[in-house]
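K.L.:
everything below, folded, please.
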Amino acid sequence: FILYQLPHSVAISFSEYVSSNLHAFILDVAATCYMLVIPVMLWSVLLVKDSISLRKAIWWYLFFVIVVSGIIHIVDLGLYYEWGSKINHKAISCMAYPKEAIAASLSSPVWLLLFILIVESVFLLLLYKKYVHPILNGSGSIAFKLLTPVLMLGLLFIGSRGGTQDKPVRKGDVYFSNNPMINQASANSFWNFINVLATEDAGDPAAYHIMPDNEASMLVKELFKQPADSTSKLFSLSKPNFVVVLMESFSSEVVGAFGADYGATPNLDSLAATGFIMSQFYATGFRTDQGMVAIESGFPAQPKTAVIYRYGKFEKLPSMASKLVESGYQTAYYSAGDNAFANTDAYLLSAGYQKLHGKDGMKVKRMALFGAYDDELFDFYLKDAASAVQPFYHLMVTIVSHEPFDARVDKFRKGNSLLDKYINTVRFTDNAIGDFIRKARKEPWYKNTVFIFMGDHAHRMPMNRNAWETERHHIPFIVYGEPLKKSFRGTVSSRTACQSDFPSFISAQLDLPHEEFKWGNDFMNGTTPALAFYTFEDGLGILLQDTSVVFDNQSLKIINARYPGMADSVKRELYHGGQALLQQLTKAYFELGD
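P.N.:
Modelled structure (predicted):
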């Protein structure tokens with residue numbers, strides 16, 4: 001696992017590699033014991049009476065288990081590279097959409113993973129044939145035949161629970177490092193998979209219960225306190241149109257206006273030069289569905305699971321679209337992909353979107369794995385918006401820059417590496433945005449329209465970021481349009497904010513109450529905390545203006561701080577605030593019901 005991930009992650013020492021294997025031993029033994037329960041029971045029968053059928057049954061059972069465990073292992077190799085986690089509830093939920101899941105995996109070296117699977121399986125099966133199969137016979141004394149099965153099953157029971165201690169072994173017992181990748185390597189893939197199937201998802205309120213609820217509630221209220229309204233109004237119109245463009249996998253580290261030097265976003269850079277940007281804006285997760293729920297319902301991403309997959313939960317979330325409809329807005333959603341993926345259509349309809357447009361309703365000329373090309377999406381939008389009733393709120397999601405970056409686009413960079421493909425697809429989307437704005441300027445609704453461009457989530461490219469790193473969640477946020485007041489054009493706010501602030505921001509700009517969006521602040525109100533936070537596999541990063549702390553819930557350790565020299569008291573304040581936030585968020589998720 002470590003050797004596979006090493007080219008894409010931070011370097012580790014030989015001692016860390018050895019320690020990872022030593023710490024992994026207890027879960028490796030537990031996983032092996034789980035696998036051996038059935039063959040040992042069958043072998044116990046063989047001790048009494050030999051049977052060719054039982055021998056074959058043991059062989060085929062072990063063949064099945066070895067191949068399945070190998071498949072789980074290679075899935076974990078590819079999944080960690082993409083998501084920064086092994087198989088979890090969120091990944092299992094995505095299996096409901098096999099086409100998209102397969103497409104998402106194509107950026108991994110499939111042939112290498114299959115080679116690893118074959119080598120592992122053949123090696124283990126040969127070991128079985130050479131050393132285990134010959135001893136499957138019924139020889140031995142009566143005492144041996146009676147005592148051995150009892151002894152073996154007893155050892156399997158002890159081994160499967162990690163020893164004779166009161167509590168069985170858990171995943172956190174193998175965590176020892178401040179590097180999450182090393183800790184994940186120590187967790188046996190087969191054991192982790194069985195554990196995921198056997199446990200509740202993060203909706204269990206006990207999963208992150210660290211402190212008394214009243215204490216956690218007080219800490220969270222301080223992070224999201226609602227002072228007297230003193231928001232700065234960005235727009236000259238009381239009810240402008242809004243066109244919000246969620247840009248697939250756009251990281252701030254690839255956008256020139258945010259300091260990048262790849263030259264991949266000249267059009268966005270031009271819009272930013274005469275627009276308004278938030279330079280410290282963060283995604284709450286690393287998937288489109290997480291970003292969508294955050295900007296629409298103000299509900300942040302959760303570790304291990306996603307609320308959008310839970311019917312009975314997402315219907316109970318507050319909704320910005322519903323609020324805007326009540327205020328006289330028309331709402332619509334535009335995507336060049338499959339709206340059924342990740343329950344997007346069901347969620348958006350329940351959130352109050354009056355029209356949903358997907359690839360099935362477009363005359364598509366070119367298709368990538370995840371949908372039509374962005375230029376076709378924008379052209380479709382311009383035709384449809386010609387008959388739109390103002391004021392409107394329209395949400396669009398681009399798709400070309402979705403991994404595995406298979407769209408056939410012009411090669412701005414001539415190489416064929418993952419970075420080259422990423423930059424080239426970003427450049428394509430940027431050009432499509434530039435053409436879109438130039439065409440939109442000719443439309444009668446343009447003068448009343450605010451365009452907001454933000455990443456749906458960031459990407460590990462271009463800097464090969466780990467899932468827990470703060471920079472891995474840093475996304476662009478650009479406001480552009482005629483209604484933007486001249487005093488804000490060409491300006492930059494360095495205030496820290498995140499996607500779950502978005503509904504409060506829009507509501508405040510329209511003088512609408514927004515108390516129901518409890519997990520966000522109006523970032524144009526200078527009296528609210530300048531806060532951002534994000535979740536990853538089993539932890540949370542929290543940023544409070546110029547400071548940040550990232551902690552891992554399994555190891556219960558701070559694994560990163562933006563300023564390592566910050567006072568311990570500040571670290572503790574952020575750490576406990578983040579723990580309280582995660583505890584209360586999980587509680588809120590659970591209380592949404594089913």
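
K.L.:
list the buried residues of the host helix or strand of Leu112.
P.N.:
For Leu112, the host element (DSSP states H and E) is helix 110-127. Neighbour counts using 16 or more other CB atoms under 10 Å place 113, 116-117, 120-121, 124 of helix 110-127 among the buried residues. Where C-beta positions appear, they are placed from N, C-alpha and C, glycine not excepted.

K.L.:
quick check, nearest of the residues you listed to Ser251?
P.N.:
Leu113 (25.5 Å; CB to CB).

K.L.:
my guess is the closest one meets His73, correct?
P.N.:
No: counting by CB atoms under 8 Å, Leu113 sits too far from His73 to count as a contact (9.2 Å).

K.L.:
quick one: the helices in the stretch 51-200 of the chain, in order.
P.N.:
Chain-ordered helices for the stretch 51-200 of the chain, with DSSP state H, counting those that start in this stretch as the definition, fall at 52-83, 89-94, 98-105, 110-127, 142-160, 180-186, 189-198.

K.L.:
could I get the ones you listed in TSV, plus columns for mean pLDDT and distance to Ala273?
P.N.:
Rendered in TSV, the data for the helices of the stretch 51-200 of the chain read as follows (pLDDT from 0 to 100; distance: least, CB to CB, whole Å):
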stretch	mean pLDDT	distance to Ala273
helix 52-83	86	34
helix 89-94	69	38
helix 98-105	58	35
helix 110-127	85	42
helix 142-160	83	62
helix 180-186	79	38
helix 189-198	86	47
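
K.L.:
which one of those helices lies closest to Pro513?
P.N.:
Going through the helices of the stretch 51-200 of the chain one by one, with CB to CB as the measure, helix 89-94 comes closest at 32.7 Å.

K.L.:
still on that earlier bit, what does the helix holding Leu112 rub up against?
P.N.:
By CB atoms under 8 Å, 6 or more residues apart in numbering, the surrounding residues in contact with helix 110-127 are 4, 62-63, 66-67, 70-71, 73-74, 77-78.

K.L.:
turn those residues into a markdown table, including neighbour count and distance to Asn267.
P.N.:
Formatted as a markdown table, the contacts of helix 110-127 follow (neighbours: other CB atoms under 10 Å; distance: CB to CB, whole Å):
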| residue | neighbour count | distance to Asn267 |
| --- | --- | --- |
| Tyr4 | 21 | 37 |
| Leu62 | 19 | 58 |
| Phe63 | 14 | 56 |
| Ile66 | 19 | 52 |
| Val67 | 16 | 49 |
| Gly70 | 22 | 46 |
| Ile71 | 17 | 43 |
| His73 | 21 | 43 |
| Ile74 | 21 | 40 |
| Leu77 | 21 | 37 |
| Gly78 | 19 | 33 |
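
K.L.:
mind putting those residues in CSV, distance to Phe477 included?
P.N.:
Converted to CSV, those look like this (distance: CB to CB, whole Å):
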residue, distance to Phe477
Tyr4, 35
Leu62, 54
Phe63, 53
Ile66, 49
Val67, 47
Gly70, 43
Ile71, 40
His73, 39
Ile74, 37
Leu77, 34
Gly78, 31
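
K.L.:
which one of those sits closest to Tyr329?
P.N.:
Comparing every one of those with Tyr329 (CB to CB), the shortest separation belongs to Gly78, at 42.0 Å.

K.L.:
closest one of the contacts of helix 110-127 to Ser189?
P.N.:
His73 (4.7 Å).

K.L.:
all strands for the stretch 351-500 of the chain, in order.
P.N.:
Along the stretch 351-500 of the chain, counting by DSSP state E, counting those that start in this stretch, strands occupy 355-357, 367-368, 371-372, 392-397, 449-455, 474-475, 477-481, 491-498.

K.L.:
now for the first one, which elements pack on it?
P.N.:
It refers to strand 355-357. In this structure, strand 355-357 makes packing contacts with strand 330-335, helix 344-351, judged by 3 or more CB pairs under 8 Å, 6 or more residues apart in numbering; DSSP states H and E.

K.L.:
next: the fifth one.
P.N.:
In terms of contact count using 3+ CB pairs under 8 Å, 6+ apart, strand 449-455 is assigned the packing partners strand 241-247, helix 266-273, helix 418-440, strand 477-481.

K.L.:
now do Ala207 against Ser319, distance only.
P.N.:
Separation of Ala207 from Ser319 (CB to CB, to the nearest Å) stands at 26 Å.

K.L.:
so which bits of the helix or strand hosting Phe25 are buried?
P.N.:
In this assignment (DSSP H and E), Phe25 forms part of helix 14-48. Using 16+ other CB under 10 Å as the test for burial, helix 14-48 gives 16, 19-20, 23-24, 26-36, 39-40, 42-44, 46-47.

K.L.:
cool, and stretch 54-61?
P.N.:
Along stretch 54-61, the positions that meet the burial threshold by neighbour count (16+ other CB under 10 Å) are 54-55, 58-59.

K.L.:
nearest to Lys221 among those?
P.N.:
Within the set of the buried residues of stretch 54-61, Ile58 lies nearest Lys221; the separation is 59.6 Å, counting by CB to CB.

K.L.:
which residue is the nearest non-sequential neighbour of that closest one?
P.N.:
Nearest residue to Ile58 in three dimensions, chain neighbours excluded: Pro39, at 4.8 Å (CB to CB, 6 or more residues apart in numbering).

K.L.:
let me see the confidence value for that neighbour.
P.N.:
We have a pLDDT of 89 for Pro39.

K.L.:
the closest residue to Asn88 other than its chain neighbours and Leu36: what is the separation?
P.N.:
Once its chain neighbours are removed from consideration, Asn88 has its nearest residue in Lys304; the separation is 4.9 Å (CB to CB, 6+ apart). Summarising the geometry, the distance separating Lys304 from Leu36, computed by CB to CB, is 29 Å.

K.L.:
listing request: residues of the stretch 301-450 of the chain with sub-threshold pLDDT.
P.N.:
Applying pLDDT under 70 to the stretch 301-450 of the chain flags no residue at all.

K.L.:
ok, which of the helices and strands packed on strand 355-357 comes nearest Leu531?
P.N.:
Taking CB to CB as the criterion, Leu531 comes closest to helix 344-351 out of the helices and strands packed on strand 355-357, the separation being 23.9 Å.

K.L.:
three-state assignment of the residue nearest the centre of the chain?
P.N.:
With distances taken as CA atoms, centre = their mean, Phe286 lies nearest the centre of the chain, 3.4 Å away. Phe286 carries the three-state label coil when classified by DSSP: H, G, I helix; E, B strand; the rest coil.

K.L.:
what's near enough to touch the closest residue in space to it that isn't next to it in sequence?
P.N.:
Closest residue in space to Phe286, ignoring its immediate chain neighbours: His457 at 4.8 Å, by CB to CB, 6+ apart. When contacts are counted by CB under 8 Å, 6+ apart, His457 is found next to 249, 283, 285-288, 290-291, 473, 475.

K.L.:
can you pick out the most distant pair from these?
P.N.:
Distances among those were taken as CB to CB; the most separated pair is Thr288 and His473, at 13.9 Å.

K.L.:
in terms of neighbours, single out the busier of the two.
P.N.:
When neighbours are counted by other CB atoms under 10 Å, His473 comes out ahead of the other of Thr288 and His473, with 30 against 25.

K.L.:
element containing Val550?
P.N.:
Following DSSP H and E, the helix or strand that holds Val550 is strand 547-552.

K.L.:
what sits up against that strand?
P.N.:
Residues contacting strand 547-552 (CB under 8 Å, 6+ apart): 175, 178, 180, 183, 468-470, 538-542, 557-563, 566, 570-571, 574-575, 578-579.

K.L.:
okay, and which of those map to helices?
P.N.:
With DSSP state H as the criterion, helices contain 180, 183, 570-571, 574-575, 578-579 from among the contacts of strand 547-552.

K.L.:
turn these into CSV, including distance to Ile433 and neighbour count.
P.N.:
Supplementary listing: these in CSV, determined by distance: CB to CB, whole Å; neighbours: other CB atoms under 10 Å:
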residue, distance to Ile433, neighbour count
Pro180, 34, 28
Asn183, 40, 25
Val570, 39, 14
Lys571, 40, 17
Leu574, 36, 24
Tyr575, 39, 20
Gly578, 35, 26
Gln579, 39, 21
